[in-house]
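# Test case, fold it:
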Amino acid sequence: MSNIRYVSGWQQHDPKIEADVIAVWREQGVLPPGTAPEERAKQICAVGYDGRKVCGISTVEIAPYAPLRNKRFGFLRVFTLPDYSQQTVAIGLATECREILRAWSIANPAERLAGMAAVYQSPKLGHYPIGESGLTLIGYTREGYQMRVIWFNHLRLDERAAATTSGANVA
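Below is the predicted model:
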């Protein structure tokens, strides 16, 4: 098995990491139409390297998630190169991103990042309700894909304020 190392790129705008990732995206043709690789590179969270070769890429987009009272989550995307699809690179990237985002959330409390989320589109994923990366099944998208989250426990839910604003009664 290869010796994979994971490198954080979160909020760093590192020219080498971005160039490595953009080259892979272009070579593999994996970005959706109309997505500029230079813009998506601003969302790099972690990159897996096998020696000097990129073997996996994770990006994160922070957004509110309406079904969870608009708490802000880092929505994870993971791409692994075909030669690494049967290895644990995707789990390694998700686990690395979880820790990177948790540390960033603690260091930046004004961002109110509540956790990490992912939509599992690959049939290779999601055989158990709680994955190796800690992402837990919470429901399904309209398309039938699994929706998963992991909460960061340092951020209080503030349920009383949420119940008051939603009109719900608290016993």
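# For the lengthiest helix in the chain, name the packing helices and strands.
Once the chain is assigned using DSSP state H, the helix that runs over the most residues is helix 89-107. Other elements packing on helix 89-107 under the criterion 3 or more Cβ pairs under 8 Å, 6 or more residues apart in numbering; DSSP states H and E are strand 4-8, strand 44-50, strand 53-65, strand 71-80, strand 113-120. (Each C-beta comes from the backbone N, C-alpha and C, glycine too.)
# The closest residue to residue 64 other than its chain neighbours: neighbouring residues, count only.
Using Cβ to Cβ, 6 or more residues apart in numbering and skipping residues adjacent in sequence, the residue nearest residue 64 is residue 70, 4.1 Å away. For residue 70, the count of nearby residues is 12 (other Cβ atoms under 10 Å).
# can you list contacts of stretch 15-30?
Stretch 15-30 has contacts (Cβ atoms under 8 Å, 6 or more residues apart in numbering) with 7, 9, 31, 37-38, 40-41, 44, 47, 54, 57, 79, 81.
# could the helices and strands packed on helix 89-107 go into a markdown table alongside mean pLDDT, mean neighbour count and distance to residue 100?
Compiled in a markdown table, these are given as follows (pLDDT from 0 to 100; neighbours: other Cβ atoms under 10 Å; distance: least, Cβ to Cβ, whole Å):
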| stretch | mean pLDDT | mean neighbour count | distance to residue 100 |
| --- | --- | --- | --- |
| strand 4-8 | 97 | 17 | 5 |
| strand 44-50 | 98 | 23 | 6 |
| strand 53-65 | 97 | 20 | 9 |
| strand 71-80 | 96 | 22 | 9 |
| strand 113-120 | 96 | 22 | 9 |
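# which ones are touching the residue most central in space within the chain?
Centroid-nearest residue in the chain, with Cα atoms, centre = their mean: residue 76, separated by 1.9 Å. Residues in contact with residue 76 (Cβ under 8 Å, 6+ apart) are 45, 58, 59, 60, 94, 97, 116, 117, 118.
# And residue 52, how far from residue 111?
Per Cβ to Cβ, to the nearest Å, residue 52 is found 33 Å from residue 111.
# Please consider this matter closed, and thank you.
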